[in-house]
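**Student:** What would the 3D arrangement of this be:
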Amino acid sequence: MITNISYIFLISVLLIFGGWAFKALIALAQGKPVEINLKNPLNLKARWPKETKEKK
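**Tutor:** Numbers count the residues shown, from 1 in each chain. The predicted model follows:
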């Protein structure tokens, strides 16, 4: 029997690979090279501002 945790893992893997394929199709349609980043497969970036060192 497949447990709920296995289903979560399976759905996550399918969504990640589907996202990669979708991004690759968009890049090919725009004539750009397909880039694969294994460290950050979904190309997620931090949205908070970086700290700046300002002296007041």
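**Student:** those helices in this structure, which residues are they?
**Tutor:** Assignment of helices within the chain using DSSP state H yields the ranges 4-29.
**Student:** Output the below-cut-off pLDDT ranges for it.
**Tutor:** 42, 54-56 (pLDDT under 70).
**Student:** residues contacting Phe22?
**Tutor:** Not one residue lies near Phe22 by C-beta atoms under 8 Å, 6 or more residues apart in numbering. (Glycine included, C-beta is placed from N, CA and C.)
**Student:** Next up, the contacts around Ile11.
**Tutor:** Ile11 neighbours (C-beta under 8 Å, 6+ apart): none.
**Student:** Kindly provide the distance from it to Ile5.
**Tutor:** 11 Å (C-beta to C-beta, to the nearest Å).
**Student:** Over to Lys50?
**Tutor:** 36 Å.
**Student:** Specify which residue of the two has the higher count of neighbours.
**Tutor:** Neighbour count, other C-beta atoms under 10 Å: between Lys50 and Ile5, Ile5 has more, with 8 against 5.
**Student:** what's near enough to touch that one?
**Tutor:** Ile5 neighbours (C-beta under 8 Å, 6+ apart): none.
**Student:** please renumber so the chain begins at 58
**Tutor:** Okay, residue one is now 58; in that scheme the one you just asked about reads as Ile62.
**Student:** Just give me the neighbour total for Pro90.
**Tutor:** Count around Pro90 with other C-beta under 10 Å applied: 6.
**Student:** contacting residues around the residue nearest to it when sequence neighbours are not counted?
**Tutor:** Closest residue in space to Pro90, ignoring its immediate chain neighbours: Ala84 at 6.9 Å, by C-beta to C-beta, 6 or more residues apart in numbering. Contacts for Ala84 (C-beta under 8 Å, 6+ apart) come out as Pro90, Val91, Glu92.
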